[in-house]
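Sequence and predicted structure are below.
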Amino acid sequence: MTIALDQMQPDRDDVRAAVEVLPQVRDYLARHPDQDAVRLVVDDEHGEEALTVPRAAVELLARILAHMAAGRGVSVVPAHAELTTQQAADLLSVSRPFLIGLLEAGEITYRRVGKHRRVQAASLLEYRRRDDQQRREAADELTALTQDMGLG
C-alpha cells in the first residue's frame, strides 16, 4: 500500500501554541511515567468533554509539538506504509539517486512492484536511526581526538 505524505506546515500561531504547550505535555508525561492512558479535557464552544487516549498517542503528540515548536513541518507515516522512492528520499532529505544507491547497496530494504521500488517506512526509519547513531559516534570520536591533541 502506497500512501500520500501530506505534510502539515505550522504557521506562526501554530508555532507559538506548540512552544507554549510542549513543556506542559512533557512535564505531565514525566510526572506520570506509569500511566497507560491519559485523560484529556477538550473545552470549546460546546462545553467540556473528556477524552481518554493511549499514553503512546500523547508521547507522539509531544514529538509532533516539538517539531512544530521548531517551525518544522510534520507528517505522520504508519510504519507499515510503503513509500515511493521519491517519498523515501524526501523523508531522508536526500536526492532520489542517492536513495536508489542506498537501496541497491542493501542499506534499506525494499521490494519491487513491477519495475517500481517500494520502501517500507519502518525500514527507512531504521536506516535513519542507524545513520544518526553512526554520526553521533563519529562526532564523539572526533571530539575525543581533538581533546587528546589539546585542540579543544
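Now that the structure is in, tell me what you want to look at.

How about residues contacting stretch 77-94?
1-3, 5, 75, 95-96, 98-100, 102-103, 108, 111, 116-122, 124-125, 127-128 (CB atoms under 8 Å, 6 or more residues apart in numbering). For every residue, glycine as well, the C-beta is placed using N, CA and C.

SS state for A18?
helix (DSSP: H, G, I helix; E, B strand; the rest coil).

What about it, how many residues nearby?
Counted by other CB atoms under 10 Å, the residues lying close to A18 total 20.

same deal with V21?
For V21, using other CB under 10 Å, the count is 15.

Next: L91.
18.

Counting neighbours, which of the contacts of stretch 77-94 end up buried?
5, 99, 102-103, 108, 117-121, 124, 127 (16 or more other CB atoms under 10 Å).

Now render the residues you listed as CSV, adding secondary structure.
Putting these into CSV (three-state DSSP) gives the following:
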residue, secondary structure
L5, coil
L99, helix
L102, helix
L103, helix
I108, coil
R117, strand
R118, strand
V119, strand
Q120, strand
A121, helix
L124, helix
Y127, helix
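
Pull up the per-residue confidence for the closest residue to A69 other than its chain neighbours.
Distances taken as CB to CB, 6 or more residues apart in numbering put A18 closest to A69, at 4.1 Å, once the chain neighbours are dropped. Listed pLDDT for A18 reads 97.
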